[in-house]
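Asker: Provided below are the primary sequence and the corresponding predicted coordinates.
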Amino acid sequence: MLINIRVRVEMAALALKVLSTSLAVFLAPSAPLRAFGIGALSYGATILMGFVFYFSSSQHAIGVSQTLKTITGVSLWGAGGGLTGMRERVDVRVLWLVATMSGKALQKYFLEKGEML
């Protein structure tokens, strides 16, 4: 069932990306990078809004915490809620994964920009 919603959301996002990029290039042909930026932004925003809408308003509304558990297979927070005792409930593996992937993305960004200089 999640594959079905993913396919629909990504299809809508891709269509909007193509349309917004084409429209931006048509309106301002002297700024092609801005057009591709607008397309990428529209793609990301459509993906985000599509999934947030699905998981918050459908009959399968499960909340953000459960959504993370469904998508990643790992619960970010343990049982219980609130901010008290947060250190005991944080899943260190997920935080380590986030830090590693963010570091790699940052490293890739600087390497790509370094080639331009």
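Answerer: That came in fine, so what should we check first?
Asker: Secondary structure of Ser30: a strand, I assume?
Answerer: No - counting by DSSP: H, G, I helix; E, B strand; the rest coil, Ser30 is not found in a strand; it is coil.
Asker: and the gap between it and Arg8?
Answerer: 35 Å (C-beta to C-beta, to the nearest Å). C-beta: built from backbone N, CA, C; applies to glycine.
Asker: Could you do Lys104 as well?
Answerer: Taken as C-beta to C-beta, the span from Lys104 to Arg8 is 30 Å.
Asker: How about Leu16?
Answerer: For Leu16, the distance to Arg8 - C-beta to C-beta - is 13 Å.
Asker: So which elements touch the helix or strand where Ser20 lies?
Answerer: Per DSSP states H and E: Ser20 is located in helix 2-27. The contact analysis (3 or more C-beta pairs under 8 Å, 6 or more residues apart in numbering; DSSP states H and E) places helix 2-27 against helix 32-57.
Asker: So which elements touch the helix it packs on?
Answerer: helix 2-27, helix 63-72.
Asker: what's the angle from that helix to helix 2-27?
Answerer: 150 degrees (axes from the mean of the first three to the mean of the last three C-alpha atoms, to 10 degrees).
Asker: Settle it for me: which of Ser30 and Arg8 has more neighbours?
Answerer: Arg8 (12 against 6; other C-beta atoms under 10 Å).
Asker: and the more buried one, what pLDDT?
Answerer: The pLDDT attached to Arg8 in the predicted structure is 90.
Asker: measure it to Met101 for me?
Answerer: For Arg8 relative to Met101 (C-beta to C-beta), the value is 26 Å.
Asker: same deal with Ala15?
Answerer: Counting by C-beta to C-beta, the gap from Ala15 to Met101 is 28 Å.
Asker: who's more crowded, those two?
Answerer: The neighbour count for Ala15 versus Met101, taken as other C-beta under 10 Å, is higher for Ala15 (13 against 10).
Asker: So what's the residue count around Leu48?
Answerer: Using other C-beta under 10 Å, Leu48 is surrounded by 12 other residues.
Asker: which residues sit in contact with it?
Answerer: Applying C-beta atoms under 8 Å, 6 or more residues apart in numbering to Leu48 gives no contacts.
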